[in-house]
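# Need the 3D shape of this:
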Amino acid sequence: MAKLRSWLSANHLIGNPQKFSLEERIFNSFCVIAVVALFFEIFFNYYIGLKVVAVICFFGSLFSAGLYYLSRFKRSTKIAIRSLGVVANFTFLLNYFFNSGIYGPNMVLFCLILLITIVVVPKKELIVWISLNMVTVFGVMAFEYFNPEMIPNVYSSDLAKTIDFGVTYAVAALLICLSITFIRNNYDRERVIVFQKTVEIEAQSAQILFQNKTLEKLNSEKAKLFSIVAHDIRSPLSSILGYLEVLAETDMTEEEKKQIKHRLLQVTKDTSEMLNNVLAWSKSQLDGARVDISAVDVAHELKKGLSLEKNIAYRKNITLELKLIEGVLIAADLNMFQIVVRNLVNNAIKFTPEGGDVTVEMEFKQNACAIKVKDNGIGIAQAEQDGLFNLTALST
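Coordinates of the predicted model:
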C-alpha cells in the first residue's frame with residue numbers, strides 16, 4: 001500500500017520540482033488528466049451515439065499516454081509538446097466535423113489546447129502555435145458557415161448535448177485550474193526564495209559593512225600605536241646618537257668622557273625601559289583595546305617616567321621643571337598615563353627653542369588631579385587643535 005501511495009504521489013506522477021521544470025510538470029499533469037478524461041469519454045460518447053467521437057477519444061487516450069511516457073520518463077518534453085500541438089489541433093479539427101461543429105463543445109476544446117500550448121511551449125514558438133490554433137478555428141468556422149450541410153448535428157437528444165457540454169467544460173476547467181495553480185504556487189515559491197536570498201544578502205552586506213568598519217578601526221588603531229612607538233623612540237635615539245657623535249668626534253678629558261658615558265648609559269637604560277613598556281602596551285592593545293585601571297602615584301611616576309626627557313631637554317639646553325604634589329593617587333592605566341604624559345613632554349621639548357622652559361605641574365582640587373605641560377614653544381594652530389583627540393590625528 002505504501003508503495004502504491006508513493007507511485008501515485010504528485011512527485012512521482014508529474015515529476016519532482018527539483019528535477020522537472022514548471023512547464024514539464026504542467027504538461028505531465030495535462031497528459032495524466034487527458035488519459036483519464038478521454039478514457040471515460042470513450043464510453044460516454046459511445047453511449048450517447050457518438051461512435052466516431054468515441055474512436056477519436058480512444059486513440060486520443062493512447063496518444064496522451066504516449067506523450068506522458070515520452071515527457072515523464074524519456075525527458076523528451078519538447079518533442080512531446082510539439083507533437084501535442086500538431087496532433088491536438090488536427091484531432092479537434094476532425095472532432096469538429098463529427099461532434100456538431102459550432103453547436104458542440106469544440107470551441108472549448110480549441111481554447112483549452114491554446115491555453116496548454118501557451119503555458120508549456122518556449123516563448124519563441126508562441127506566435128507559431130497561436131497562429132496555427134487561430135487559423136484552424138477560423139478556418140473550420142468559415143467552412144461551416146459556407147457549407148452548413150457538411151457538419152450535421154449528431155446529438156440524439158438535448159440531454160446528451162447538455163451532458164457532453166458539461167463533461168467537456170469540467171475537464172477544461174480542471175486543466176485550467178491546475179495550470180493556474182501550478183503557476184501561482186511556483187510564483188509564490190520563487191518569491192519566497194527571492195525574499196530569503198534578499199534577506200541573506202542584506203545580512204551578509206551588513207556583516208561585511210560591520211567587518212569593514214571594524215577593520216578600519218583596527219587599522220587606524222594600529223597606525224596610531226605605531227605612531228606612538230615611533231614618536232617615543234625618535235627623541236631618545238637622537239639623544240643616544242648625539243652622545244655617540246660627541247664621543248667619536250670631540251677631544252675630551254677622561255672625566256668628561258666618563259660623564260658622557262654615564263649619561264649615555266642612563267639614556268640607554270631609560271630608553272630600553274620605555275620601549276619595553278610601550279611595546280608591551282601596544283601588543284596588548286592590538287589583541288583588543290583594554291584598560292587596566294590601578295592606583296597610580298602621580299608624583300612618583302612622573303619623576304620616574306620623565307628621566308629620559310630630562311636628558312633630552314638637557315642636551316637641547318632646555319629647562320624641564322617638575323612642580324609636583326607628593327602623595328596624590330589617581331585611578332588610571334599606568335602605561336597609558338606614562339605614554340600620554342611622555343608624548344606631551346616630548347612634543348613640548350621638540351617645539352621649544354633652545355634655552356626655553358618646559359614645566360610639568362600638578363593641580364589638585366575637588367578630588368580631581370590635573371597635569372599641565374607648559375612650554376614657550378611655537379604652539380599648535382587652532383585649525384589643528386580640533387582633531388587632536390581622535391585616532392586619525394597626524395603625528396607631529
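
# Okay, strands next: where are they in the stretch 1-150 of the chain?
Taking DSSP state E, counting those that start in this stretch, the stretch 1-150 of the chain contains no strands at all.

# what's the distance between the longest helix along the chain and the middle of its chain?
Longest helix in the chain, counting residues (DSSP state H): helix 158-249. Taking the mean C-alpha point of helix 158-249 and that of its whole chain, the gap between them comes to 2 Å (C-alpha atoms, centre = their mean, to the nearest Å).

# And for stretch 79-91?
46 Å.

# Tell me the buried residues in it?
By neighbour count on 16 or more other C-beta atoms under 10 Å, the buried set for stretch 79-91 is 80-85, 87-89, 91. C-beta here means a position set from N, CA and C on the backbone, and glycine is covered the same way.

# Make sure residue 294 is indeed in a helix.
No - applying DSSP: H, G, I helix; E, B strand; the rest coil, one finds residue 294 to be strand, outside a helix.

# Just confirm it contacts residue 330, I think it does.
No - in this structure residue 294 lies outside contact range of residue 330 using C-beta atoms under 8 Å: 9.8 Å.

# Those two: who's more crowded?
residue 330 (17 against 11; other C-beta atoms under 10 Å).

# I'd guess that one is in a strand, am I close?
Yes - assigned with three-state DSSP, residue 330 falls within a strand.

# Would you mind giving the domain segments of this structure?
For the chain, automatic domain parsing gives the domain ranges 2-156, 291-380.

# Report the rounded mean pLDDT for the longest one.
I take that to be domain 2-156. Domain 2-156 comes out with an average pLDDT of 84.

# Tell me how far that domain lies from the chain's centre.
46 Å.

# Where do the helices of the stretch 251-396 of the chain begin and end?
254-286, 298-305, 307-315, 334-350, 382-385 (DSSP state H, counting those that start in this stretch).

# Show the backbone phi and psi for the residue of the chain most remote from its centre.
Most distant residue from the mean C-alpha position of the chain: residue 253, 74.7 Å away (C-alpha atoms, centre = their mean). Residue 253 has phi and psi values of phi -80, psi 170 when expressed as degrees, to the nearest 10.

# Spell out which residues sit in contact with it, please.
By C-beta atoms under 8 Å, 6 or more residues apart in numbering, the contact list for residue 253 is empty.

# how far away is it from residue 195?
Distance of residue 253 to residue 195, computed by C-beta to C-beta, to the nearest Å: 88 Å.

# Please apply the same query to residue 131.
For residue 131, the distance to residue 195 equals 39 Å [C-beta to C-beta].

# One more: residue 181?
Per C-beta to C-beta, residue 181 is found 21 Å from residue 195.

# Then residue 65?
Distance from residue 65 to residue 195, by C-beta to C-beta: 40 Å.

# who's more crowded, those two?
For residue 65 versus residue 195, the count of surrounding residues by other C-beta under 10 Å is larger for residue 65: 16 against 10.

# For the more buried one, which residues are in contact?
Counting by C-beta under 8 Å, 6+ apart, residue 65 touches 31, 35.

# same deal with the one 4 residues further on?
Residues touching residue 69, when contacts are defined by C-beta under 8 Å, 6+ apart, are absent altogether.

# Then residue 297?
If you count contacts by C-beta under 8 Å, 6+ apart, residue 297 has them with 327-329.

# Out of these, flag the one nearest to residue 19.
residue 329 (76.9 Å; C-beta to C-beta).

# What separation do you get for the closest residue to the closest one other than its chain neighbours and residue 337?
Excluding the flanking residues, the one nearest residue 329 by C-beta to C-beta, 6 or more residues apart in numbering is residue 295, at 5.0 Å. Applying C-beta to C-beta, the value for residue 295 to residue 337 is 11 Å.

# How about residue 47?
For residue 47, the distance to residue 337 - C-beta to C-beta - is 106 Å.

# These two: which has the busier surroundings?
The neighbour count for residue 47 versus residue 337, taken as other C-beta under 10 Å, is higher for residue 337 (18 against 11).

# Which pLDDT does the model give the closest residue to that one other than its chain neighbours?
Closest residue to residue 337 apart from its sequence neighbours, by C-beta to C-beta, 6+ apart: residue 296 at 5.8 Å. Among the per-residue scores, residue 296 shows a pLDDT of 87.

# now residue 290
66.

# do residue 357 as well
90.

# So what's the residue count around residue 360?
When neighbours are counted by other C-beta under 10 Å, residue 360 registers 21.
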